[in-house]
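Undergrad: A structural model of the following input is requested.
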Amino acid sequence: MIPKALIHHGRQLGTFLGLIFLCLILWILTPYFLTVSNLLNILEQSSINATIAVGMTFVTVWFLPVHFRRECPFLSPCWLEC
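TA: Residues are numbered from 1 along each chain as shown. Here you go, the predicted model:
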């Protein structure tokens, strides 16, 4: 029997290793993949998605209707408890 903690961390590690493997394959196949200009381009493109994700998280956590927070207290941050 495999412990649950090992399965959980194995999934996270597997995703990370898959990303590293994909980067290595692209680095081998294309000489321009790990250049500074390409990495800056990737960071610039992903920053848009990251900004939207942070904004959506902020709205979800802070602007849920008050009655919904009272019905589902696990969705409300503990410092907002009345």
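
Undergrad: contacts and neighbour counts: CA atoms only from here.
TA: OK.

Undergrad: quick one, strands of this structure?
TA: Shown for the chain, no strands are assigned by DSSP state E.

Undergrad: Y32: neighbour count?
TA: 13 (other Cα atoms under 10 Å).

Undergrad: quick one: low-confidence residue ranges for this protein.
TA: 1-2, 5-7, 64-82 (pLDDT under 70).

Undergrad: how is it partitioned into domains?
TA: 1-33, 35-82 (automatic domain parsing).

Undergrad: for the protein, which segments count as helices?
TA: 4-29, 36-62, 66-71 (DSSP state H).

Undergrad: save those as TSV, and put in mean neighbour count too.
TA: Formatted as TSV, those follow (neighbours: other Cα atoms under 10 Å):
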stretch	mean neighbour count
helix 4-29	12
helix 36-62	12
helix 66-71	12
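
Undergrad: return the residues in contact with F21.
TA: If you count contacts by Cα atoms under 8 Å, 6 or more residues apart in numbering, F21 has none.

Undergrad: tell me how far it lies from L13.
TA: According to Cα to Cα, to the nearest Å, F21 and L13 sit 12 Å apart.

Undergrad: one more: S46?
TA: Taken as Cα to Cα, the span from S46 to L13 is 21 Å.

Undergrad: what's the answer for F33, then?
TA: With Cα to Cα as the criterion, F33 and L13 are 23 Å apart.

Undergrad: try T60
TA: Distance, T60 to L13, by Cα to Cα: 28 Å.

Undergrad: got a list of contacts for stretch 25-33?
TA: With Cα under 8 Å, 6+ apart as the criterion, stretch 25-33 contacts L34, N38, L39.

Undergrad: which residues touch the second one?
TA: Spelled out, that is N38. Y32.

Undergrad: can you rerun that using 6 Å?
TA: Listed by Cα atoms under 6 Å, 6 or more residues apart in numbering, N38 has no contact partners.
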